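Student: kindly return the folded structure for what I paste below:
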Amino acid sequence: MSAPEATTTSRLRGYVVSLGAAEVVGRGLSFVAMIVVARVVGPESFGALALAQAVVLYLAALGDGGLTLWTQREIVRRPHDLPRLLVQTLVAQVLLALVATAVLAAVAFAAPFPGDTSTLILAAAPVALAQALSTVYALQSLEWMRSAAIVKLVTQAVAAGAAVALVLSTRDPVWVIMTMWLGQLAGSALSLAILARGKRIAFASTSIAAVRGTLRAGLPILGALAIVHYSLMIDTVVLGVLRSSHDVGVYAAAARLMVIAVVAALVIANALYPEMVRRHAESDRRLGEFSGRALAIALRLSLAAGALVAAFAPQIVAALYDERFDESATVLRVLALLFPVLCFNSLATQVLLAAGRRGDVLRGVGAGAVVATAAIPTATAALGGVGTACGLVAAMTVQCAALAWLARGDLTTGWRAPLTQEGAVGLVLCGALAAVHTGFPAAPGLLGFTWLTVVLGAEMLRGFPTVGLVLPGVRPRRGRRAR
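Tutor: Next up is the predicted model:
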């Protein structure tokens, strides 16, 4: 590895560690808070809370206008324009957030939601405006990853702490859901303060024409965001319409455990995106080679994590919830497949965005949305929450295939080897675990031993490549194939 490459690798490793630590701690706090909430309010109220959150987060995401990713890319390309880009984006996103809040209020009053879902939607509606004020994307564009990590941690910690305090004192989910925008406001204020202290934010005049231009620039990404969030929101909404709030609560308890997969995908994508933009400025092939190395480590870790969660789903659910959520274990086993799928989707999307191919992103996520629209209602009607999970996994897998096809060519120069090698290891791992579970269903210790043997065996045969990435001071030896 050349000196510049080694420096870049070390720098990016630091970014991943900073953001990863913040996400793990912050999301961990949020995860613990949701477990406390679920145990206090029970499946019925937790289902209504999950349904309201799905609706609110979807419309709040549309209030982003696709401008977060667009502005982040433009700041990397034109850092001297940061004040102007920041003001235009803030104005545009605040306007969109006001529209989103009005739409949320209309939906809450007009839609026939079960139970207290409408009240919960109204209580959480301000989250759209709180998100519009967030400028953490500017910190990431400037590669102030430690500052971005602190903002993310504060956001999650405030929301989680308030949620636990309020649910224990009131046992009312309405107060709990209000913590969504409380934490977001705290993070938004902190990110603006950090930019102001670093003298990276200043008053810059703007015009209606400039704001319109900014809104138009985000439209292709907005379309992709709308479809992505639609595919990830439709499961909860369809289950709430076709089944009861209790079924939604059981499903949501398992879905909340997938926060690990979401965190992994977000950390890798956010840490590597600025470097992806720079690599693309050199050539498509350079971006393809770089993203191939990122894909290898992402698949290696996510496949191992997904297999582990699937193998120990009953034990995980029993340890975190009470007997009212026992059915969540089967749902969790299906959703565990999303570990590698979400990581691949996130990386492929960021590669296309870094290359400026927003239309291809829209087409790729559109393919997943079409499958979600057809598969999730059909499977939910037949199998309930388990069917919902199967439909979601199928939709996200189709999205993976579509994005890979659309990115074919120089952008995927380094993808074939990791897809082939890590996919083969994943199949062996899942096959071994399935065989052990079938033959010895009451032996979780044997399952753990099998998982550890296959994972470590694959690493050893390839010369411990993950060790070289995580611990740069340890030089990985060559595997047998390399010799």
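Student: need the next SSE after the longest helix seen in the chain, C-terminal direction.
Tutor: Looking across the chain with DSSP state H, the single longest helix is helix 3-62. Downstream of helix 3-62, the first helix or strand assigned by DSSP states H and E is helix 67-77.
Student: mind saving the C-alpha coords of that next one as PDB?
Tutor: Output of helix 67-77 as PDB, limited to C-alpha atoms (Å, rounded to 0.1, in the frame of the first residue of the first chain):
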ATOM      1  CA  LEU A  67     -31.200  18.500   0.100                       C
ATOM      2  CA  THR A  68     -29.000  16.900   2.800                       C
ATOM      3  CA  LEU A  69     -27.200  14.600   0.500                       C
ATOM      4  CA  TRP A  70     -27.100  17.100  -2.400                       C
ATOM      5  CA  THR A  71     -25.700  19.900  -0.100                       C
ATOM      6  CA  GLN A  72     -23.200  17.500   1.400                       C
ATOM      7  CA  ARG A  73     -21.800  16.600  -2.000                       C
ATOM      8  CA  GLU A  74     -21.700  20.300  -3.100                       C
ATOM      9  CA  ILE A  75     -19.800  21.300   0.100                       C
ATOM     10  CA  VAL A  76     -17.200  18.600  -0.600                       C
ATOM     11  CA  ARG A  77     -16.800  19.900  -4.100                       C
END
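Student: V56 contacts A124, correct?
Tutor: Yes. With contacts counted by CB atoms under 8 Å, V56 reaches A124, the gap being 4.4 Å. C-beta coordinates here come from the backbone N, C-alpha and C atoms, glycine included.
Student: got any residues that touch both of those two?
Tutor: 177, 180 (CB atoms under 8 Å, 6 or more residues apart in numbering).
Student: who has more neighbours, those two?
Tutor: V56 (28 against 25; other CB atoms under 10 Å).
Student: ok, now how distant is the more buried one from V365?
Tutor: Separation of V56 from V365 (CB to CB, to the nearest Å): 21 Å.
Student: cool, and T330?
Tutor: Using CB to CB, we find T330 at a distance of 28 Å from V365.
Student: now swap in L19 and tell me
Tutor: Distance, L19 to V365, by CB to CB: 23 Å.
Student: what residue ranges in the stretch 351-483 of the chain score low on pLDDT?
Tutor: 466-483 (pLDDT under 70).
Student: 80 - rerun?
Tutor: By pLDDT under 80, the weakly predicted segments of the stretch 351-483 of the chain are 358, 440-443, 459, 462-483.
Student: for the stretch 351-483 of the chain, just list every one of the helices.
Tutor: All helices of the stretch 351-483 of the chain, identified by DSSP state H, counting those that start in this stretch, fall at 358-383, 385-406, 416-439, 444-461, 465-470.
Student: need those in a markdown table with mean neighbour count and distance to R73, can you?
Tutor: Below are the helices of the stretch 351-483 of the chain laid out as a markdown table (neighbours: other CB atoms under 10 Å; distance: least, CB to CB, whole Å):
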| stretch | mean neighbour count | distance to R73 |
| --- | --- | --- |
| helix 358-383 | 20 | 10 |
| helix 385-406 | 22 | 18 |
| helix 416-439 | 15 | 25 |
| helix 444-461 | 15 | 35 |
| helix 465-470 | 16 | 26 |
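Student: want to throw those into TSV with distance to Y251?
Tutor: Below are the helices of the stretch 351-483 of the chain laid out as TSV (distance: least, CB to CB, whole Å):
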stretch	distance to Y251
helix 358-383	9
helix 385-406	4
helix 416-439	23
helix 444-461	24
helix 465-470	33
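Student: L232: which of those is closest?
Tutor: helix 385-406 (7.6 Å; CB to CB).
Student: that closest one versus helix 358-383: what angle between them?
Tutor: 160 degrees (axes from the mean of the first three to the mean of the last three CA atoms, to 10 degrees).
Student: F46: how many residues sit nearby?
Tutor: By other CB under 10 Å, the residues close to F46 number 28.
Student: same deal with H246?
Tutor: Using other CB under 10 Å, H246 has 18 neighbouring residues.
Student: from here on, count from 113
Tutor: Taking 113 as the first residue, the last one we looked at is H358.
Student: that one: what's it in contact with?
Tutor: 155-156, 159.
Student: what helix or strand does it sit in?
Tutor: Going by DSSP H and E, H358 is in helix 357-368.
Student: still on that earlier bit, the longest helix of the chain: how far from the chain's middle?
Tutor: Offset of helix 115-174 from its chain centre (CA atoms, centre = their mean, to the nearest Å): 7 Å.
Student: same thing with stretch 442-457?
Tutor: Distance, centroid of stretch 442-457 to centroid of chain: 12 Å (CA atoms, centre = their mean).
Student: kindly report the same for stretch 225-237.
Tutor: Distance, centroid of stretch 225-237 to centroid of chain: 24 Å (CA atoms, centre = their mean).
Student: can I get the CA coordinates of it in CSV?
Tutor: What follows is stretch 225-237, C-alpha atoms only, in CSV (Å, rounded to 0.1, in the frame of the first residue of the first chain):
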residue,chain,number,x,y,z
PHE,A,225,-56.0,5.1,12.4
PRO,A,226,-56.7,2.7,15.2
GLY,A,227,-56.7,3.7,18.9
ASP,A,228,-54.7,6.7,19.9
THR,A,229,-52.5,6.7,16.7
SER,A,230,-53.8,10.1,15.5
THR,A,231,-53.0,11.8,18.8
LEU,A,232,-49.5,10.3,18.7
ILE,A,233,-49.0,11.6,15.2
LEU,A,234,-49.9,15.1,16.2
ALA,A,235,-47.7,15.0,19.3
ALA,A,236,-44.7,14.0,17.1
ALA,A,237,-45.3,16.3,14.1
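Student: buried ones in it, by neighbour count?
Tutor: Neighbour counts over stretch 225-237 (16 or more other CB atoms under 10 Å) mark 225, 227-237 as buried.
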